[in-house]
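1. Requesting a structural model of the entry that follows:
(one chain, ligands or ions: 1)
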Amino acid sequence: MQKRVYNIILNNVRKGKKSFAVLIDPDKFNSNSLIKKINSTNVDFIMVGGSLLTNGNFEKCVKEIKKKCTVPIIIFPGNNLQISASADSIFLLSLISGRNSDLLIGKHVVAAPLLKKSKLEIIPTGYMLIDSGKQTSAVYMSNTQPIPYEKNDIAFCTAMAGEMLGLKLIYMDAGSGAEKPISKSMIKEVKSSITIPLVIGGGIDSPEKAYAACESGADIIVVGNAIEKDEKLISKISQTIHSF
Ligand code: 1GP
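-> Next up is the predicted model:
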């Protein structure tokens, strides 16, 4: 299994270059215009997945993106049904902010043989849900409590523990469509407590919010919901992130 995607992430971090990941929800995927936009913009990664998918077209969506686009595809799995050998890589999420053993190790046991067969590049990821003012699908579906918005100490101790356990990435997520993104001070404190790359997502719906996350120490910025509403944001946010 090649470490292509993780090496791109690490190289960007070493150069101080921020990365931009567009999150595609297969339920809302409208291939032509979105892929056109991505192909004409500087997007580092495409993530595909969601807490709850209702259309059953996960595999079709990944294949279609792969066919039309050269940007590396990372699966962001909402559950163990979201695996496709057509993607490049998968964030193998361990929900370290929660205490639901199924999402810490259980689902992974079930998925392991499939993942091995798929030859996907596995990126072991410490996934942390942060409270954003309203209950998000990720919090509800995971049956866990998010880390409170202002509890920076819980966030950085959790991230530190994740790194000590050998995880290769920390992904802090306020949840899709979050009312407010993760605070600058929480991102700063987590970033200064770990040496592995830090991914930030949830509620980033403007270049200014993307800039604030970069400035605080995010290495990868994930945007999903806002782009579904306005595809023009892809180039605006990309410019901000890449000129940081
Ligand atoms: C959600 O972090 C991602 O898991 C992206 O969030 O859809 O709010 O951009 P948005």
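2. okay, S51: pLDDT?
-> With respect to pLDDT, S51 scores 89.
3. can you tell me which residues contact it?
-> By Cβ atoms under 8 Å, 6 or more residues apart in numbering, the contact list for S51 reads G78, S137, A138, Y140, M141, S142, S176. For glycine as for every other residue, the C-beta is placed from the backbone atoms N, C-alpha and C.
4. For the first one, which non-adjacent residue is spatially closest?
-> This means G78. Among residues not flanking G78 along the chain, S51 sits closest, at 4.5 Å (Cβ to Cβ, 6 or more residues apart in numbering).
5. separation between the one you found and the ligand?
-> Plainly put, S51 is 8 Å away from the ligand if you go by Cβ to the nearest ligand atom, to the nearest Å.
6. Compute the distance between that residue and L23, please.
-> 12 Å (Cβ to Cβ, to the nearest Å).
7. in stretch 9-18, what's buried?
-> I9, L10, N12, V13, K18 (16 or more other Cβ atoms under 10 Å).
8. Contacts for the helix or strand of the chain with the lowest mean pLDDT, please.
-> Least confident helix or strand, the chain: helix 31-39 with a mean of 90, by mean pLDDT, DSSP states H and E. With contact meaning Cβ under 8 Å, 6+ apart, helix 31-39 is reached by V22, I24, I46, E64, I65, K68, C69, V71, I227, E231, I234, S235.
9. now do 10 Å
-> 22, 24, 28-29, 43, 46, 60-61, 64-65, 67-71, 227-228, 231-235, 238 (Cβ atoms under 10 Å, 6 or more residues apart in numbering).
10. quick revisit: could you point out which of the contacts of S51 is nearest to A213?
-> S176 (15.5 Å; Cβ to Cβ).
11. hang on, the closest one in a strand?
-> No. Per DSSP: H, G, I helix; E, B strand; the rest coil, S176 lies outside any strand segment and is coil.
12. what's the neighbour count on it?
-> Residues near S176, counting by other Cβ atoms under 10 Å, number 21.
13. Now do the contacts for the closest residue to it other than its chain neighbours.
-> In this structure, S176 finds its nearest non-sequential neighbour in N225, 5.2 Å apart by Cβ to Cβ, 6+ apart. By Cβ under 10 Å, 6+ apart, the contact set of N225 is L23, D25, K28, G175, S176, G177, A178, G201, G202, G203, I204, D205.
14. List only buried entries from those.
-> L23, D25, G175, S176, G177, A178, G201, G202, G203, I204, D205.
15. Now the fifth one. Nearest residue, chain neighbours left out?
-> To tie it back to what came earlier, the one meant is G177. Nearest non-adjacent residue to G177, counting by Cβ to Cβ, 6+ apart: N225, 4.5 Å away.
16. and the gap between that neighbour and I241?
-> From N225 to I241 the distance is 17 Å (Cβ to Cβ).
17. And I130, by the same measure?
-> Applying Cβ to Cβ to I130 and I241 gives a distance of 20 Å.
18. and the least confident helix or strand of the chain, C-alpha only, in CSV?
-> Presented in CSV, the C-alpha positions along helix 31-39 are these (Å, rounded to 0.1, in the frame of the first residue of the first chain):
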residue,chain,number,x,y,z
SER,A,31,-21.1,15.7,-11.2
ASN,A,32,-20.7,18.0,-14.2
SER,A,33,-20.7,21.5,-12.7
LEU,A,34,-18.9,20.6,-9.5
ILE,A,35,-16.1,18.6,-11.2
LYS,A,36,-15.7,21.3,-13.8
LYS,A,37,-15.2,23.8,-11.0
ILE,A,38,-12.7,21.6,-9.1
ASN,A,39,-10.7,20.9,-12.3
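19. can you start the count at 33 instead of 1 from here on
-> From this message on, residue numbering opens at 33, which makes the last subject helix 63-71.
20. follow-up on the earlier one: got CSV for the buried ones among the contacts of N257, with pLDDT and distance to the ligand too?
-> As requested, the buried ones among the contacts of N257 are exported to CSV (pLDDT from 0 to 100; distance: Cβ to the nearest ligand atom, whole Å):
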residue, pLDDT, distance to the ligand
L55, 98, 5
D57, 94, 8
G207, 96, 6
S208, 94, 4
G209, 92, 5
A210, 95, 6
G233, 98, 2
G234, 98, 4
G235, 97, 5
I236, 98, 5
D237, 97, 7
